Structure formats: C-alpha cells, structure tokens
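>>> build me a structure from this.
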Amino acid sequence: MTPITSSSWLQAFRIYTHPRVLGMLSLGFSAGLPLLLILGTLSFWLREAGIDRSTIGHLSWVGLAYGFKWVWSPLVDRLSLPILTSLLGRRRAWLLLSQIIISISLIGMASTDPAENLTSIVFFSLAVAFASATQDIALDAYRIEAVAPKLQGAMAATYQAGYRLAMILASAGVLWIAAAMDSSEAVYNYAPWRSAYLAMAACMAVGIITTLIIREPEVPISYLVSENEDHARKAIAHWGLNVQLTQILAWLYGAMVAPFRDFIVRHGQRALLILALIATYRISDIVMGVMSNSFYVDMAYTKEEIAAVSKFYGVIMTILGATIGGVLTAKIGIMRTLFLGAVLSAGTNLLFIWLAGRGHDIAGLIFTISSDNLSAGIASSAFIAYLSGLTNSAYSATQYALFSSMMLLLPKFIAGFSGDFVDAYGYASFFTCTTLLGLPVLILIWLAGQAKFETKDLTTSQK
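Modelled structure (predicted):
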C-alpha cells in the first residue's frame, strides 16, 4: 500500500492549476451573478421603491425563463451563430453572446427607476433571465466537454466556488454599495441602486474576458447522435420531401426530439415519477424564498444587517451545507440524503414563523438563516448528484437543461402568487404552507428510492 505523503497531497491539488479548471472559477462567477439581480436583490429594491408585495410576487415569474430553458437548449447545443461560431467555436460563441446581452440588460435595469417605470424594469429583467439561462446551457456543455472525466470534480468545485462568490456580490455586495451611497434609510433613493447595478454590469467583464481567453473544446458529435439522425433521415426520406427539407427535419429530430426520447426509453414507466420528483423537490425553498427579502424589510432589518447575515453569512452556510451533503451522499447514499435534505428544507421554514414573532432580532435572524441555508446546501448537493446520475452523456447539455428547468418551473409559477397569499393571510400562514408543500416530496422520494438508480456514464472524449 502506497503511503500518503505531503508530496502526494500536493500532486492531487495540482489539478486545480489546470487552465480550464481555473477558467471555470471565472465562468462560474459569470453564471452566478445575474440570478439574484433579477430575483432576491431586485425584490428588495422594488419593496424599498414602494412596489406592493403582490406585484413583487408576480415579477418573480421572470425566473421562469430558467424553467423553460430546455425548450431552446437543443438549439444552443447544436446551432451555429453567424460569424461568432467561426471565430470562437460553438460553446464560446453562445457564451459570449449571452454574456454581452446580460451586461447590456443590467445597464438597462440600472438606468431605470422602478418607482417611475416598472414596465422597463420587467423588460430588462426578462432579457437578463433569458440570456442567463442561455449562458447556463452553453456553460454546462462546455464544462462537460472541456476536460477528461478525472478533472470533472475539480471543474465542478471551481464552478461552484465562483458561482457562490458571485451570489455574495450580487446580494450582499449590491446592498453594501447601495447602503454606502444612501444618505438616508428612511427615504427611498434611486441613485444608490443605479450605481450598484452599473457595478454589477461591469463585473460581467470577468466572464466575457475569460470566454475570449479559453480554448474551445474539440469534441465530435456523439455516435449515438449521428446514428439517431441517420435513422430519422432514412425514415423521412419515404415522405417524398426534397433533400434539403429532409436534412433539416433529421437535424431537428436529432437535436430536439432524440434527447427526450432517450430519457423516456431508458427509464420507461419510472420517467413520470422521476420528473414529478424533479419538479417538486425544491418547491418549499423556492416558494418561500421569493418573499424572504420582503419579510426582512417588513421586519425593519436594514440593508447592512441583511447583507451581513442573509447574503454573506447565509451563502457561506450554504457552501458548508453542500460540503456536508457531499459527505452524506457518499456515506449513506443519494436517496437517503435526498430525503434528509427535503425534511430539513421544509422544516426550517417553520423557523421564520418563530422569527416573525420575535420582531427585529439579529440573533434570531442568524440562527434562522444558518439553519435554512445549511439545509438548502445539503439538499442541493444530493439533488445535483441525483440529476447527474439520470443524464446520458450523449445528450448531457440538453437533458441537464431539461432537469434543471423542471426543478424551477412549478415552484416559480406557484411563487408568483406568494405576495397575494401574504397580503391575504400573513407571513405565519405563508411559512406554514411552504412547509406543508414539502410533504408530497417525501412520498415521491420514497417511491423513487424503490426503483433502481442509474449512474451517469461519463464517456466523453476529452483532451
């Protein structure tokens, strides 16, 4: 047995010096920055600008763009962009285009006062959401194709680190900038928010520069994809169509139909059960999260307090929870950790009822957010492992987009009514209902656990 030495540990950590692994830190940052700027942080801005809770809840529907990204993911996976693709390659072309659109749209948000022109804020938020979802699709494909399987763990680690750092900046950073420039917390001032969002638009340069520097992965289209297109082409040829139309229809089948057909064929009758679990697993957290910032404002917490506790400290606790979740997944298995994560994610919502009864209490806020984010990290870690095991490497980008979209679609739709519910019944009833939403998830996990779990086949050809 080979002894474990300090040199062997140093050798192991050298994987993080791989150029593409280091590049994922910046690309993860670029992926994590837009999300909270159109959801959590934006809801704080809107509430401070005097926008009612019901409208804020409805505006959370812009996040549904992430829930529908599977619709256009095959096009991002296979369609070439004029000029950009020839200059940069398939993955980098889509990355650069989406990053530029995000930057321009954030500048548009910064240039608009929601108190005077809410419609423009909605328009620019939608543009950020769709461009960000497109960036996610291209980035997932790049991450899978860019390195050999032995480096995938390091790629995922640096991606998550960059993503979480960006979330801190997009939440705590924005609140700190706005608070530092705000002369009075008592009166709404648009100028600090404009400066904060302009700073975030400038930060997208991190992703843009990285995309221009990195090298495009040269991964041929999978044999399975080519084979499916050939079968489709032969079948369509019997329809008597011209050659060009036959080629287009065969390409559309290979890009947009085959990935979903593959999932149904592999999982059979279990496919609906799996999709139901994916669609509801994070429902308690996501529905509750839309109203969390409005809750903090209504409980009279200042921007500095929320930035320090909820945005900065909370993200650190999420990272810790994800680390614990990874250990639990290895020790007790994916399905048991999924179950534990679902119980904790739903149960910790009850702590917000306790916090509401205490009023403005920093110690209570720290305890509640610590528990909530720690449980969310555990649940997320197990869930990502579960989704990875369901994906066929031949269609990794498209199928992963389908799964991550399904995860958000139903919760985001329900969350759109959260403001109406709080206005009608209050925060205590709202947090109780978000806890109850987690109960059906436990049943679905138990049913899915009875079936055989399939492990992902990482067989991509790499450099």
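
>>> can you pull out the helices in the stretch 1-150 of the chain?
6-13, 19-37, 40-48, 53-59, 64-67, 69-78, 84-88, 90-110, 118-146 (DSSP state H, counting those that start in this stretch).

>>> Cys203 against Pro34, yeah?
No: contact criterion C-beta atoms under 8 Å: Cys203 and Pro34 do not qualify, at 10.2 Å. Quick note: C-beta positions are derived from backbone N, CA and C, even for glycine.

>>> please name the nearest non-neighbouring residue to Cys433.
Phe421 (7.3 Å; C-beta to C-beta, 6 or more residues apart in numbering).

>>> distance check, that neighbour against Ile283.
Using C-beta to C-beta, to the nearest Å, Phe421 is found at 14 Å from Ile283.

>>> more crowded one of those two?
Ile283 (24 against 21; other C-beta atoms under 10 Å).

>>> mind checking how far the more buried one is from Ala415?
9 Å.

>>> show me the shaky parts of the stretch 201-350 of the chain.
Confidence mapping of the stretch 201-350 of the chain against pLDDT under 70 gives the ranges 219-234, 237-238, 240, 242, 251, 255-256, 311, 323, 326-327, 330.

>>> ok, the stretch 51-200 of the chain next?
148-157, 183-186.

>>> now with 80?
67, 70, 77-78, 141, 143-161, 164, 172, 182-186 (pLDDT under 80).

>>> ok, Ala65 touching Ser125?
No: look at Ala65 against Ser125 with C-beta under 8 Å: they stay out of range, at 9.4 Å.

>>> which of those two has more neighbours?
Each of Ala65 and Ser125 had its neighbours counted (other C-beta under 10 Å), and the higher figure belongs to Ser125 (27 against 22).

>>> torsion angles phi and psi at Leu39?
phi -120, psi -90 (degrees, to the nearest 10).

>>> what's the burial count for it?
Count around Leu39 with other C-beta under 10 Å applied: 24.

>>> can you give me the distance of the spatially closest residue to it that is not a sequence neighbour to Thr432?
Leaving aside its sequence neighbours, Leu39 sits nearest to Gly63 (C-beta to C-beta, 6+ apart; 5.5 Å). The spacing between Gly63 and Thr432, counted by C-beta to C-beta, is 23 Å.

>>> again, but for Leu439
From Leu439 over to Thr432 (counting by C-beta to C-beta), the distance is 12 Å.

>>> for the residue lying closest to Ile100 once chain neighbours are set aside, give me its contacts.
Taking C-beta to C-beta, 6+ apart, and ignoring the residues beside it in sequence, Ile100 has Ile208 as its nearest neighbour in space, at 6.9 Å. Residues in contact with Ile208 (C-beta atoms under 8 Å, 6 or more residues apart in numbering) are Ser30, Leu96, Gln99, Ile100, Ser103.

>>> what about Ile208, which helix or strand?
helix 205-213 (DSSP states H and E).

>>> and the contacts of Ile208, which is closest to Ala308?
Using C-beta to C-beta, Ser30 comes nearest to Ala308 of those, at 25.1 Å.

>>> once you drop chain neighbours, what's closest to that closest one?
Using C-beta to C-beta, 6+ apart, the closest residue to Ser30 is Gly207 (2.5 Å).

>>> which ones are touching that neighbour?
Ser26, Leu27, Phe29, Ser30, Ala31, Leu33, Leu95, Gln99, Gln135.
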